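Asks: coords please:
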Amino acid sequence: GPLINQVIKQFLNDVTWGELDFLIVDLPPGTGDAQLTLAQEAKVSGGIIVTTPQNVALDDAAKAYDFFVKLKVPVVGVIENMSYFVCPKCGYRSDIFSHGGGEAFAKKTKIPFLGEIPIDIQIREGGDEGSPVSVSAPDSVVAKAFADAARSIIETLKNA
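Replies: Numbers count the residues shown, from 1 in each chain. Coordinates of the predicted model:
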C-alpha cells in the first residue's frame, strides 16, 4: 500500500508530461490503494470501468462503480473486454466469456456503454512487440473496436 501510494504520487508530480489531451491510467482490478490514491491525489475527470462479460467480473465492476460514486469520481462508462472471439481461420464467433454483461451493467447503472473489445491474438502480439494493434493493423476489426471505444470516451467526456 504505502509503496503504491508513493509511486503514484511520484508518477503524478515528478514526470514532465508536457501538453496532454488525456492521461489515461490503467489500474489493476478492484478498489485498492492505487485507485484510492489516484482519486485523492489527481484531478480525475472520470473513471472507466473495464469488465469482461461473465458474472464474477461484473460483481467486481459493481464494486468499482460503488467505489467511484463514494469518492465522487464521475463514471465515464463501461467497456466490455474479451467480449467475443472470432476464429481467424473459419470466421466463427464464440462468446467465450459470455457476451453483453458489460452493456447490461451499463444499462442497470445508467452509465454509458462505451464499447466492446474482442479477444484477439493481435492485441497480445502487438503488446509483446511494442506496436499496438491500432498501429500494426489499423484496418483490423480489433483496431476499429479500440477506435470506436476511444471515440465514445471522448464524446462522453465532451458532453459531461
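Asks: And the strands in the protein?
Replies: 47-51, 75-81, 85-86, 93-94, 113-117 (DSSP state E).
Asks: So what touches the longest helix along the chain?
Replies: Using DSSP state H, we find that the single longest helix of the chain is helix 141-158. By CB atoms under 8 Å, 6 or more residues apart in numbering, the residues outside helix 141-158 that reach it are 45-46, 48, 76-77, 79, 86, 112, 114-118, 120, 122-123, 133-134, 137. Every C-beta, even on glycine, is put in place using the N, C-alpha and C of the backbone.
Asks: Among those, name the buried ones.
Replies: 48, 76-77, 79, 112, 114-118, 120, 122-123, 133-134, 137 (16 or more other CB atoms under 10 Å).
Asks: Touching, Ile8 and Thr37? I think so.
Replies: Yes. With contact defined as CB atoms under 8 Å, Ile8 and Thr37 form a contacting pair (4.6 Å).
Asks: Turn the strands of the chain into CSV, including mean pLDDT and distance to Ile154.
Replies: As requested, the strands of the chain are exported to CSV (pLDDT from 0 to 100; distance: least, CB to CB, whole Å):
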stretch, mean pLDDT, distance to Ile154
strand 47-51, 95, 12
strand 75-81, 97, 10
strand 85-86, 93, 26
strand 93-94, 95, 28
strand 113-117, 97, 10
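Asks: Reformat those as JSON lines; add distance to Leu23.
Replies: As requested, these are exported to JSON lines (distance: least, CB to CB, whole Å):
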{"stretch": "strand 47-51", "distance to Leu23": "13"}
{"stretch": "strand 75-81", "distance to Leu23": "14"}
{"stretch": "strand 85-86", "distance to Leu23": "31"}
{"stretch": "strand 93-94", "distance to Leu23": "35"}
{"stretch": "strand 113-117", "distance to Leu23": "18"}
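Asks: Ok, which of those comes nearest Asp21?
Replies: strand 75-81 (14.8 Å; CB to CB).
Asks: pLDDT score assigned to the nearest residue to Ala62 once chain neighbours are set aside?
Replies: The spatially closest residue to Ala62, leaving aside those adjacent along the chain, is Phe105, at 7.3 Å (CB to CB, 6 or more residues apart in numbering). As predicted, Phe105 sits at a pLDDT of 97.
Asks: Roughly how far does Phe105 sit from Phe97?
Replies: According to CB to CB, to the nearest Å, Phe105 stands 14 Å off from Phe97.
Asks: swap in Thr16?
Replies: In terms of CB to CB, Thr16 sits 40 Å off from Phe97.
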